[in-house]
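S.K.: Based on what follows, work out the 3D shape:
(chains A and B)
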Amino acid sequence: MTATVSLQKICKTFDQFNALTGISLDIDAGEFIVLLGPSGCGKSTLLSIIGGFLSATSGKVLVGGKDMTSVPPAARPTTTMFQDYALFPHMTLRDNVGFGLRMKGIRRKERARQADRFLDLVGLQSSARRKPHELSGGQRQRVALARALAVGPDILLLDEPLGALDLKLRREMQDELKAIQREVGTTFIHVTHDQEEAMAIADRIVVMNGGIIEDCGPPADIYMRPRSLFSAGFMGEVNFIAGKRIGNDNQHVVVETEFGRFSLPPSSFTDGVPAQGQALTLCLRPEQLRPSEGHTPRDSLCRARFVDGVFFGTHYRCHLKAEKYSSDTLVAHMPQSSTVGPGDTIDLMFDAADIIALPEQRQEQANAH
Amino acid sequence: MLRHRLLSLFSWTYLIAMFGFILLPVAVLVLFSFQDGTLPIPPFNGFTLKWYAEVFADQKLMAALQNSLSVAFGSSLLACLLGFFAAYGLSRYRLPASALQRVLLMAPMTVSYLIIALGLLVVFNWSGIRLSLWTVGIGHVVINLPLCFAIIYASMGDHQKNTERAARDLGANGFQVLYLITAPMLMPSILAAFFLSLTFSWDEFIISFLLSRFDVTLPVEIWSLLRSGLNPKTNAIGSLVFLLSMILLLVLETLVFRRRSKP
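M.R.: The predicted structure follows:
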């Protein structure tokens, strides 16, 4: 029970507002896709269009190769798990989970058997006779999952399903969701604004902003090799350093910044190698900035004065002010053993091969204009 | 301390006076329905159930009681059903001039029963419909529909919208969504609307009086009894009506409001 999804140039306009602009995306059967973005980026709208609750202004939705663009929700091989769970409050858990089967005309006994199997899958079989209001938030969420899976959909659409849970429960449910997805093999399309959640569960993350896809790829790629400034900033903390391509050095590209010249390998340019003289932004994650002590293969960024730092368990998160340069405060992660204190100055080092340089505007957007 | 006591004394006196004012007439009515004598006025001569026996032996009264019950149940059922559909349509679909439609649906609430009855009388005469219990029932639907609509409409929220969407997503058609999801979820308000309609229809006089002919409802029958003068029998039937209203109120309280106060 799984299928591919293909979105072709989906546009959606509400009155004058363009909620989605030319969304194209191919999803493999059995993939766990996360649509990630800030509120208002169009991710929920896109999910509603895949589920059939909204119709696209233009573009096509294909599920398993079949055109679903004008098929109503009930007739699509998709089910949706809603943010508020939308359980039927007057029915027992067994009847909730069995509702879709009842609509298919399956007899009561068989229905109960299958419903119990799915309640078992989410660890709630012993509560089959209880009603939703007797359950905790996490349990309700599981019932909603069981109910959506019981009809055997090819695609499961999850609209911020973990949004209402507290942090600890959310992290637990992520693992569970991932495990269940592997077990049933259904294609999951999951919407969230929590990038940690996205990294924890996704096979592939689709970063959305302002109605377009900013970036798309496995979590590690999205984090370490983002293809847009938005994506880099949304996935985690990052130091942006303005620069300009000024020349070549063998295969490398020389970029000038206020901290000096750095020569970057072509792989640093995830959105294409820039033209001569073009403005760039270097993206340095805080954990890529290290003090000079001990480590060897580093490029020096600058000498910086320690402003303040907070212990985070795995590292110290520090604010540093670059000496001699007007630049904003830099954020760096120091090792747990670091003894740097306020007022100290250190050499900040990084590895030029690790960092990413992106144009101010995405290439394809720039071309479109 | 003294001031506090005085204040509390005052509030208790006030409370008792208020309930006395509301309930004393009813208490007197019930008391004199047991009057051993022919006049329901003081002094109280002694206790008898004779008048109740007479009420139950009175065929016309019993027929009127039955008529009242069928009109009340029938009209309340219809008013609830229509009110539910109207509320569902107005809260779930974008309809033209929906604000105006809401106002029009509620409008009969602001018009006096006398005017509604006169209007209906004119319409029935004009269209050649004979007056009967059916016309009384129609009158009661007209006065109770706005109430049912208002109660049910107020309890329809966006939360239920998502639940209905989920049901539709799982394969339910429009009718199944209404029957299996929306109506059961709104059952507390639907029941509240139904029982309130029932009590209003049960007590209603003017419309019943003007729109009925040979078969009449209980209040109309009581009124014709009153024309022949006071007598403990009218007290007895009045007490019975009061008892039935109280039962309805208790049912409403236990079935609807208790349930609603649960999480």
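
S.K.: What pLDDT is listed against A:Asn293?
M.R.: That one is not Asn; residue A:293 is Glu. If you check A:Glu293, the pLDDT there is 64.

S.K.: which parts of the stretch 151-263 of chain B sit against chain A?
M.R.: B:159, B:162-163, B:165-173, B:176, B:180-181, B:184-185, B:187, B:262-263 (Cβ under 8 Å from any Cβ of the partner chain). Placement of C-beta: from N, CA and C, glycine included.

S.K.: Which among these count as buried?
M.R.: Buried members of those, scored by 16 or more other Cβ atoms under 10 Å in any protein chain shown, are B:162-163, B:165-172, B:176, B:180-181, B:185.

S.K.: Specify which residues of the chain, grouped into ranges, have pLDDT under the cut-off.
M.R.: Let's take chain A. Where chain A drops to pLDDT under 70, the residues are A:293-298, A:326-327, A:361-369.

S.K.: Chain B is the one I meant
M.R.: Within chain B, the stretches with pLDDT under 70 are B:256-263.

S.K.: which stretches of it form helices?
M.R.: In chain B, the segments counted as helices under DSSP state H are B:2-32, B:50-57, B:59-92, B:98-106, B:113-127, B:133-154, B:158-169, B:174-176, B:183-185, B:187-203, B:206-211, B:218-227, B:232-252, B:258-261.

S.K.: For A:Lys109, which of the ones you listed is the nearest?
M.R.: With Cβ to Cβ, the closest approach to A:Lys109 among those belongs to helix B:174-176: 20.6 Å.

S.K.: got the residues of the stretch 51-200 of chain A near chain B?
M.R.: Counting by Cβ under 8 Å from any Cβ, the stretch 51-200 of chain A sits next to chain B at A:51, A:53, A:73-74, A:78-80, A:82, A:84, A:86-90, A:99-100, A:103-104, A:133, A:147, A:151.

S.K.: Now the buried members of the residues you listed.
M.R.: In terms of neighbour count (16+ other Cβ under 10 Å), the buried residues within those are A:51, A:53, A:73-74, A:78-80, A:82, A:84, A:86-88, A:90, A:99-100, A:103, A:147, A:151.

S.K.: Point out the ones among those that are inside helices.
M.R.: Short answer: those in helices (DSSP H) are A:51, A:99-100, A:103, A:147.

S.K.: Tell me, how many residues neighbour A:Gly138?
M.R.: Residues lying near A:Gly138 (other Cβ atoms under 10 Å in any protein chain shown) number 17.

S.K.: show me what contacts it?
M.R.: A:165, A:169, A:172-173 (Cβ atoms under 8 Å, 6 or more residues apart in numbering or on different chains).

S.K.: so, if you compare these, which one comes nearest to chain B?
M.R.: Set against chain B, the nearest of the contacts of A:Gly138 by Cβ to the nearest Cβ is A:Leu165 (17.5 Å).

S.K.: picking that back up, need the max-distance pair from the buried ones among the residues of the stretch 151-263 of chain B next to chain A.
M.R.: Maximum distance among these (Cβ to Cβ): 18.3 Å, for B:Gly171 and B:Met185.

S.K.: For the closest residue to B:Ser33 other than its chain neighbours, grab the count of nearby residues.
M.R.: Residue nearest to B:Ser33 in three dimensions, not counting chain neighbours: B:Asn235, with 3.7 Å by Cβ to Cβ, 6 or more residues apart in numbering or on different chains. For B:Asn235, the count of nearby residues is 22 (other Cβ under 10 Å).

S.K.: Distance check, B:Asn235 against chain A.
M.R.: According to Cβ to the nearest Cβ, to the nearest Å, B:Asn235 stands 44 Å off from chain A.

S.K.: And B:Gly46, by the same measure?
M.R.: 54 Å.

S.K.: isn't A:His133 right up against A:Leu87?
M.R.: No. Shown here, A:His133 and A:Leu87 do not form a contact pair, counting by Cβ atoms under 8 Å, at 9.1 Å.

S.K.: picking that back up, so who does the residue nearest to B:Ser33 touch?
M.R.: Going by Cβ under 8 Å, 6+ apart, the list of residues near B:Asn235 reads B:29-30, B:32-33, B:35, B:40, B:51.

S.K.: how close does it sit to B:Pro43?
M.R.: Going from B:Asn235 to B:Pro43 by Cβ to Cβ, to the nearest Å gives 15 Å.

S.K.: So B:Ser91 is in contact with B:Ala154, correct?
M.R.: No. In this structure, B:Ser91 is not within contact of B:Ala154 by Cβ under 8 Å, at 9.8 Å.

S.K.: Which one's more surrounded, these two?
M.R.: The neighbour count for B:Ser91 versus B:Ala154, taken as other Cβ under 10 Å, is higher for B:Ser91 (18 against 11).

S.K.: Would you mind measuring from the more buried one to chain A?
M.R.: 17 Å.

S.K.: Could you name the helices and strands sitting against the lengthiest strand in chain A?
M.R.: Using DSSP state E to define each element, chain A has its longest strand at strand A:299-311. On a contact count with 3 or more Cβ pairs under 8 Å, 6 or more residues apart in numbering or on different chains; DSSP states H and E, strand A:299-311 meets strand A:316-322, strand A:345-350.

S.K.: same thing but at 10 Å, please
M.R.: Contacts defined by 3 or more Cβ pairs under 10 Å, 6 or more residues apart in numbering or on different chains; DSSP states H and E place strand A:299-311 against strand A:260-264, strand A:290-291, strand A:316-322, strand A:330-334, strand A:345-350.

S.K.: in it, what counts as buried?
M.R.: So, applying 16+ other Cβ under 10 Å, buried residues of strand A:299-311: A:299, A:301-302, A:304, A:306, A:309.
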